[in-house]
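Peer 1: Fold the following for me, if possible:
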Amino acid sequence: MDPLREVSGRAIPFGRKNVDTDVIIPAKWLKTITREGLGKGAFESLRTDPDNLFDSPEFSGSPILIAGDNFGCGSSREHAAWALLDLGIKAVIAPSFSDIFSGNAFKNGILTVVLPQDAIDRLMEVAQTDPLAIDLEHQTVTTPFQDRFTFAIDPFRKHCLLNGLDEVGLTMARGAQISDYERQARENTPWLAHTA
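Peer 2: Below you'll find the model as predicted:
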């Protein structure tokens, strides 16, 4: 997982409430054995509209998605986070998230930012024409117009995102302690090691 310190650029001013994981990535895309290519299926039902934001040249490559309340509700499919990543989304800003989606997003290196509705409304307005900037270290979302919104984040999640640590990375960071434990276990309880 890549470290995530700042995310800046155009934001897709989506704003829709109660978007479930079936809207983010329909069930027919769950048969894949790879994460690659899921961006093509992201928001597929909405992309049938030729005027949709996700295929608009104006928002092409936007790393930020602004959503409405309860984003990511529904099933627990991790494919929703994979589809957003493949679409290029590195951060989602919303008034609230489904707990399971928020956890899946975090485990895959996507920052979920919770802000009150009035801040979302302002960011939706700015996103129509201008970029946004998210600074994870200082926990702020800013606009070119001096808007500055602070957000809370769990310290452990912040640490992991800043340092690019997923579950495997966290385990590997403790490699020396794990090796010491295994060495001591072999010395103190050799009958468990099954060595000749």
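Peer 1: Going by contacts, tell me the helices and strands next to the one helix or strand in the chain whose mean pLDDT sits lowest.
Peer 2: Within the chain, confidence by mean pLDDT, DSSP states H and E is lowest for helix 190-193 among all helices and strands, at a mean of 82. For helix 190-193, the packing partners by 3 or more Cβ pairs under 8 Å, 6 or more residues apart in numbering; DSSP states H and E come out as helix 175-188. (Glycine included, C-beta is placed from N, CA and C.)
Peer 1: Run the chain-centre distance for the helix it packs on.
Peer 2: Between the centre of helix 175-188 and the centre of its chain there are 35 Å (Cα atoms, centre = their mean, to the nearest Å).
Peer 1: residues of it that come out buried?
Peer 2: Applying a neighbour-count criterion of 16 or more other Cβ atoms under 10 Å, helix 175-188 contains no buried positions.
Peer 1: And stretch 127-138, by the same measure?
Peer 2: A127, P131, L132, A133, I134, L136.
Peer 1: Secondary structure, pLDDT and distance to G39 added to those residues, as TSV?
Peer 2: Compiled in TSV, the buried residues of stretch 127-138 are given as follows (DSSP: H, G, I helix; E, B strand; the rest coil; pLDDT from 0 to 100; distance: Cβ to Cβ, whole Å):
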residue	secondary structure	pLDDT	distance to G39
A127	helix	98	20
P131	coil	98	21
L132	strand	98	21
A133	strand	98	23
I134	strand	98	20
L136	coil	98	23
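Peer 1: Closest to N188 out of those residues?
Peer 2: Comparing the buried residues of stretch 127-138 against N188 with Cβ to Cβ picks out L136 as the nearest, at 42.6 Å.
Peer 1: The closest one touches L4, doesn't it?
Peer 2: Yes: under the criterion of Cβ atoms under 8 Å, L136 lies in contact with L4, with a separation of 6.1 Å.
Peer 1: what do the two both touch?
Peer 2: L111, L161, L162 (Cβ atoms under 8 Å, 6 or more residues apart in numbering).
Peer 1: Just send these back as JSON lines, with secondary structure too.
Peer 2: Formatted as JSON lines, the shared contacts of L136 and L4 follow (DSSP: H, G, I helix; E, B strand; the rest coil):
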{"residue": "L111", "secondary structure": "strand"}
{"residue": "L161", "secondary structure": "helix"}
{"residue": "L162", "secondary structure": "helix"}
